[in-house]
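Participant: only geometry, no sequence info:
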């Protein structure tokens, strides 16, 4: 459901910056069902990649072979991502707070002596800063949706309205957080993430229980349309192709 | 004789940054006679070019077609020239002073209202700054070899010993000025250009008369070896090829 | 025509210039000896654009023509000459004598200009380089300053980003979706297009599919505003694998441009041509 | 072996590592998922190098192995994981528990690391980028500071140049003169080689002539120190047009690396191999 919801949200966008895992699934699903012209950009340098199966890694050979252009890694970041050319960037995280700030660095202990050391930032800080919009995809649980991050790896809305502008960040920030339970969007005034939609079969209290802070809920919470036959068929094809 | 003298001086060097005109003649002559492994780098982006005839322009098609690598213009300057990777750079000028500083910007009048507007700097300032050594090739006359430049486009030894280091320039500067009359080299202590060699048939007073300042002369002035048969044959072939 | 968020449109040259190059614009017609968008330059002259700020690392014939035709009020450049031949006489006449109008200069070195495009393409306000130290250039050019390395304390040159309103380049090919492919000496064209708000690419031919080629640069359709098929659009410069540089035309321009009279005759001949049939220079 | 001023030497892998990778060096084994110099990494382990500062944008299995083997005292990086699989358990064990030795971290983002190599390759002491604002990274990493644009007054991130003592990469081909050619996803390898004092390139094959290929990067012999022919040298990563990524090997490493015991067995098996016959990981 997360991949399908994110794929639908890609309709109407020109380009998206793709990481591996769920974002890649969503972007490839979108290109097949919702937005055939969508330009997929991988940080490994593939611009306009058209993979036939889901890559396991962002450097999978097929990405380069099917791309409109392959450029160096410095060029991806400097000429393509940094100037704000890319519409949508996908991010995930081990921790997320109420303003959509993300932690992929460590959990527990201290930076110098972490309990769990995570992979680190990769391209996430720049994706968070420079894509016109950011979609976050995270499974929802109180361990992940926390009141305070152990480390700010990538900035969402910082401490709230106006903070991105003050930092000189030019993209709009995390306009949509897609979880396994529903969709959160920033409040237009405060930028605090607000539950606006639940997936079929999920109730609002389920979402509140899976959130480590007192989650705001929109006055009227919608329900995500169930997956269509086509979405499910294509999604199954993508996932099976990647495991063969 | 200028091209032959410069070509000889390229023996033992790995790479040289080539402009059009005499430097290109010299470099191509050197590659054929004195230094077959010499790597020619053109600012248009051809690295390791092996043209069969003399190009009229630095962007001549054959440069790219015969090169080991063709790179963008920003890359030529940033990755290849600026870090000091290139052994020898060739420069010419409309005016040159006793410290090998060069003017290719304007002559007479003022910058805002010049009597003769010249093409400008092109890549010369960076070649002068960053090549390990610079060879200057200029025909000698009091109008060209002047006491004071109208404009400093490219730095030689500035105001003398120590000035390049103070400016943070990392190449050695103009270690050799090849003219139609002889060869000038910087004094080891003061860095003032000093006549060290005359070409066959040229007398020291001829050189003094063609210089707009009181030219220093080395205690013992040598004479350039006359062109060999091979040098003349190859040179003629190069020049004819370029006019066909 | 829309900006970079959508795919490039295929247009005629005259329409492309009419819509994308506007009076008062900062215009970069780039090409480092190879693939110079000469035909587009003539079309700008034919459409009598005014008050342009012309930007180019190596202004040559096409800028001499634009300057002589009175299209420009300012030139941003590093080297202005007729390569292998000599002076640009129209450029000199404008700078030395103010004919047909005074020409303001913003002068850099090649490395400075290249890095200004890189900064523009990268969404940065400036670029850092080793350059200009000890020269008289910085004293005459506002867009050269210094910056101190926060790690070593070393002082380096800073140059302001270039962001043309419109960049015009010539390439070998585009496909029908507007993806552009150029190869050979690729100069600073990618950076110049990515730095600009709008872009117009003239191409030798529009093809069904861009087959990959060694050394090719591809500009995806979504960063190009418009593509016009203009065979021979780079003459008298060259388009690798299409035609060679017409060295005689460069030499011939010297005589045309030396006198205001002969240049004016040339200019009238260009302006008399019908829309879309600008003749090649000869 | 000599530095960049002369042509590259063709060497055996063991000799190349012995001469070019020294205890205490700052070593970059680069490769962005594609063309990872994995075999060279095993040779460094076999030769028991110590106190290395390992540099890489995306440390993966090869750095997990080097760290677990006790070769490293410091890691300079942006993303350290087993792509598509999960954690690097040896890296985590070193950081979380100091086993087999504590590991100092110098942590950046991808854009920061890429620009640090660009600055190194460009002979500049630092690079400027939009990055790090609002994150906690700058507070923990000395090589991140700020710089103010001298034109706009805007504050931007500055990162210190990377200048490895030696960079090791894998490429598809070299010719007998030592010119190196790689294609496909080319990552940051050119910059990493040009930024380094010395370089060792392992290649799938040495050929008589490098035929031009679409998208290929050529590193001329005179900027490479040594080339070693090591077929399969990028396994379990891939070499486009030679072999595919061995995704099973990446998954299998997870189990090997999870326990110190199994890792130690693996390490002993690597060290037992004869010089020059390091087995592939499986």
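Facilitator: Arrived safely. Keep in mind the model is a prediction, meaning the values are calculated, not measured. Numbering: from 1, shown residues only, chains lettered A, B, ... in the order given.

Participant: close to chain B, is the helix or strand hosting residue C:74?
Facilitator: Here residue C:74, judged by DSSP states H and E, is contained in strand C:72-77. Yes - Strand C:72-77 is in contact with chain B by Cβ under 8 Å from any Cβ of the partner chain, via residue C:77. Using the backbone N, CA and C atoms, a C-beta is placed for each residue, glycine as well.

Participant: pLDDT on that strand, on average?
Facilitator: Mean pLDDT, strand C:72-77: 98.

Participant: what does stretch C:208-226 give?
Facilitator: 95.

Participant: low-confidence ranges in chain A?
Facilitator: Applying pLDDT under 70 to chain A flags residues A:19-21, A:56-61, A:241-244.

Participant: can you check chain C too?
Facilitator: C:1-5, C:274-282.

Participant: all helices for it, in order.
Facilitator: Counting by DSSP state H, chain C has these helices, from start to end: C:13-20, C:38-46, C:61-68, C:89-97, C:110-121, C:189-195, C:247-258, C:260-272.

Participant: Residue A:178: which of those is closest?
Facilitator: Nearest to residue A:178 among the helices of chain C is helix C:189-195; the distance by Cβ to Cβ comes to 31.0 Å.

Participant: ok, and what's touching the closest one?
Facilitator: A:79, A:83, A:85, B:72, B:74, C:28, C:30-31, C:35, C:114, C:117-121, C:161-164, C:167, C:169, C:171, C:182, C:199, C:201, C:217, C:219, C:223-224 (Cβ atoms under 8 Å, 6 or more residues apart in numbering or on different chains).

Participant: Take these and keep only those in strands.
Facilitator: C:28, C:167, C:169, C:171, C:182, C:199, C:201, C:217, C:219 (DSSP state E).

Participant: Grab the two from those residues that are most spread out in space.
Facilitator: Greatest spacing in these, by Cβ to Cβ: C:28 and C:217 (16.4 Å).

Participant: ok, now which ones touch residue C:136?
Facilitator: Residue C:136 neighbours (Cβ under 8 Å, 6+ apart): B:105, B:111, B:151-153.

Participant: wait, which of the residues you listed is closest to residue B:137?
Facilitator: Nearest to residue B:137 among those: residue B:153, at 15.7 Å, using Cβ to Cβ.

Participant: Can you verify my assumption that the closest one contacts residue B:125?
Facilitator: Yes - in this structure, residue B:153 is within contact of residue B:125 by Cβ atoms under 8 Å, at 6.4 Å.

Participant: measure residue C:115 to chain D for me?
Facilitator: For residue C:115, the distance to chain D equals 10 Å [Cβ to the nearest Cβ, to the nearest Å].

Participant: can you count the residues close to that residue?
Facilitator: Residue C:115: 30 surrounding residues under other Cβ atoms under 10 Å in any protein chain shown.

Participant: Contacts only, for it.
Facilitator: By Cβ under 8 Å, 6+ apart, the neighbours of residue C:115 are B:74, B:77-78, C:127-129, C:159.

Participant: try 10 Å this time
Facilitator: Counting by Cβ atoms under 10 Å, 6 or more residues apart in numbering or on different chains, residue C:115 makes contact with B:74, B:77-78, B:82, C:108-109, C:122, C:126-129, C:131, C:157-159, C:161-162, C:188, C:191, D:122.

Participant: Mind giving me the ChimeraX command for buried ones among the residues you listed?
Facilitator: Buried subset of the contacts of residue C:115, written as a ChimeraX selection, criterion 16 or more other Cβ atoms under 10 Å in any protein chain shown:
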select /B:74,77,78,82 /C:108,109,122,126,127,128,129,131,157,158,159,161,162,188,191 /D:122
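
Participant: What segments of chain A are helices?
Facilitator: Under DSSP H, chain A gives helices at A:2-9, A:22-33, A:61-66, A:73-75, A:124-130, A:163-167, A:204-209, A:229-243.

Participant: Give me the contacts around the shortest one.
Facilitator: Residues external to helix A:73-75 that are found in contact with it (Cβ under 10 Å, 6+ apart): A:43-45, A:47, A:69, A:81, A:123, C:121-122, C:190, C:194, D:30, D:32, D:57-58, D:110-111, D:113-118, D:121, D:127, D:129, D:185-191.

Participant: strands paired with the longest strand anywhere in chain A, and their directions?
Facilitator: Ranked by number of residues, the top strand in chain A under DSSP E is strand A:216-223. Its sheet considered, strand A:216-223 pairs with strand A:193-198 (parallel) by DSSP bridges.

Participant: quick one: buried residues of the partner strand?
Facilitator: Applying a neighbour-count criterion of 16+ other Cβ under 10 Å, one finds A:193-198 buried in strand A:193-198.

Participant: how many degrees apart are that strand and helix A:2-9 in direction?
Facilitator: If you take axes from the mean of the first three to the mean of the last three Cα atoms, to 10 degrees, strand A:193-198 sits at 100 degrees to helix A:2-9.

Participant: coming back round to it: which among the contacts of residue C:136 gets closest to residue D:235?
Facilitator: Nearest member of the contacts of residue C:136 to residue D:235, counting by Cβ to Cβ, is residue B:153, at 53.5 Å.

Participant: That closest one: what's it in contact with?
Facilitator: Residue B:153 sits in contact with B:91, B:93-95, B:101-106, B:118-122, B:124-125, B:128, C:107, C:109, C:135-137, where contact means Cβ under 10 Å, 6+ apart.

Participant: Over to residue C:135?
Facilitator: By Cβ under 10 Å, 6+ apart, the contact set of residue C:135 is B:101-102, B:105, B:121, B:124-125, B:128-129, B:151-155, B:167, C:109, C:144, C:157.

Participant: rerun that using 8 Å as the cut-off
Facilitator: Contacts of residue C:135 (Cβ under 8 Å, 6+ apart): B:121, B:125, B:152-155.

Participant: what's the answer for residue C:240, then?
Facilitator: With Cβ under 8 Å, 6+ apart, residue C:240 has these contacts: B:61, B:64-65, C:34-35, C:172, C:183-185.

Participant: one more time with 6 Å
Facilitator: B:61, C:184 (Cβ atoms under 6 Å, 6 or more residues apart in numbering or on different chains).

Participant: For the nearest residue to residue A:68 once chain neighbours are set aside, grab the count of nearby residues.
Facilitator: The shortest distance from residue A:68 to any non-neighbouring residue, by Cβ to Cβ, 6 or more residues apart in numbering or on different chains, is to residue A:48 (3.2 Å). Neighbourhood size, residue A:48 [other Cβ under 10 Å]: 20.

Participant: and residue A:48, how far is that from chain D?
Facilitator: From residue A:48 to chain D the distance is 13 Å (Cβ to the nearest Cβ).

Participant: ok, that residue touching residue A:39?
Facilitator: Yes - taking contacts as Cβ atoms under 6 Å, residue A:48 lies within contact range of residue A:39: 5.2 Å.

Participant: related to what we said a few turns ago, what's in contact with the strand holding residue C:74?
Facilitator: With contact meaning Cβ under 6 Å, 6+ apart, strand C:72-77 is reached by C:51-56, C:59, C:66, C:103-106.

Participant: Strand partners (parallel or antiparallel) of that strand?
Facilitator: Going by DSSP bridges, the partners of strand C:72-77 are strand C:52-56 (parallel), strand C:104-107 (parallel).

Participant: Out of those, which is the most enclosed?
Facilitator: Of all these, strand C:52-56 carries the top mean neighbour count, a mean of 24, counting by mean count of other Cβ atoms under 10 Å in any protein chain shown.

Participant: That one versus helix C:61-68: what angle between them?
Facilitator: Using the same axes, to 10 degrees: strand C:52-56 against helix C:61-68 is 160 degrees.

Participant: Could you check how many residues crowd around residue 30?
Facilitator: As the question left the chain open, I've gone with chain A. Neighbours of residue A:30 (other Cβ under 10 Å): 26.

Participant: My question was about chain C, not that one.
Facilitator: By the criterion of other Cβ under 10 Å, residue C:30 has 28 neighbours.

Participant: still on that earlier bit, nearest to chain A, of the contacts of strand C:72-77?
Facilitator: Nearest to chain A, judged by Cβ to the nearest Cβ, of these is residue C:55 at 18.1 Å.

Participant: Would you mind listing the residues in contact with the closest one?
Facilitator: C:28, C:76, C:164.
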